[in-house]
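Novice: got a sequence here, can you model it:
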Amino acid sequence: MKFFVLLIIAYLLGSIPSGVWIGKFFFKKDLRQFGSGNTGTTNTFRVLGKKAGIAVLLMDILKGTLATCLPLLFTLDVNPLVFGVAAVLGHTFPIFANFKGGKAVATSAGMILAYNPAFFVYSALIFIIMLYITSMVSLSSMISAVLITLSTIILPFAIPAILPHFDWLLTSIALVLTIFIFIRHKDNIERIKDGTESRVPFGLGARKKNKTND
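Specialist: Numbering: from 1, shown residues only. Here you go, the predicted model:
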């Protein structure tokens, strides 16, 4: 009984629509009606600005972290990733926002943070490097998801200090989330192909674009 109650709590935590609530309360804007229509961090930065974007990023990460910590807080002998996945599902299909949510990246990061902080730092560095190279959040998210999934297999044997043992559930979840992230970014993929995808104003990709425009 405790398992199912905590699972529901994890989903509800993930369902908190940070971007929607911050947009409506502080800016009188519904994120779903602006930009890409997505309620996640990237569209928040684009529509509401840096402060709101950082706030949503931190809140979305925290949702995944808190949900993943539930079995530890309530002494339940279950792999914490199960509850992290529930939060990710809540973030992507939030009951508080008509089941239209984000793209699962930030909340997934929060799940990894609670599961293994060292692996979280490693994963964050991969994303930052990819973002610097591509200057595109969407492309960086997809490439990072693939590399992180491969890392769950390689690191336990190559660098056990980061990931001490192979966890088949972690690898399975990473693989499923990678596929899901690609599906959720299908519109971004089309824009990347067309050369119209939005870029952040820094990194090699941004410099290349600026030189082309010049």
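
Novice: which one's the longest helix in this protein?
Specialist: Taking DSSP state H as the criterion, the chain has its longest helix at helix 50-73.

Novice: the very next helix or strand once past it packs against which elements?
Specialist: Next helix or strand after helix 50-73 toward the C-terminus (DSSP states H and E): helix 81-92. In terms of contacts (3 or more CB pairs under 8 Å, 6 or more residues apart in numbering; DSSP states H and E), helix 81-92 is packed against helix 2-15, helix 50-73, helix 105-115, helix 168-184. For every residue, glycine as well, the C-beta is placed using N, CA and C.

Novice: just these: most buried one?
Specialist: helix 105-115 (a mean of 26; mean count of other CB atoms under 10 Å).

Novice: how about the following helix or strand past it: buried residues?
Specialist: Under the assignment DSSP H and E, the closest C-terminal helix or strand after helix 105-115 is helix 117-134. Within helix 117-134, the residues that count as buried by 16 or more other CB atoms under 10 Å are 119-120, 122-123, 126-127, 130-131, 134.

Novice: now swap in stretch 84-104 and tell me
Specialist: In terms of neighbour count (16+ other CB under 10 Å), stretch 84-104 has its buried residues at 84-94, 97, 101-104.

Novice: quick one: end-to-end length of it, please.
Specialist: Using CA to CA, to the nearest Å, one end of stretch 84-104 lies 11 Å from the other.

Novice: repeat for stretch 34-51
Specialist: Terminal-residue distance, stretch 34-51 (CA to CA): 17 Å.

Novice: now do stretch 130-146
Specialist: 12 Å.

Novice: show the average pLDDT along that stretch.
Specialist: The pLDDT scores in stretch 130-146 average 95.

Novice: flag every buried residue along that stretch.
Specialist: For stretch 130-146, the buried set under the neighbour-count rule, 16+ other CB under 10 Å, comprises 130-131, 134-145.
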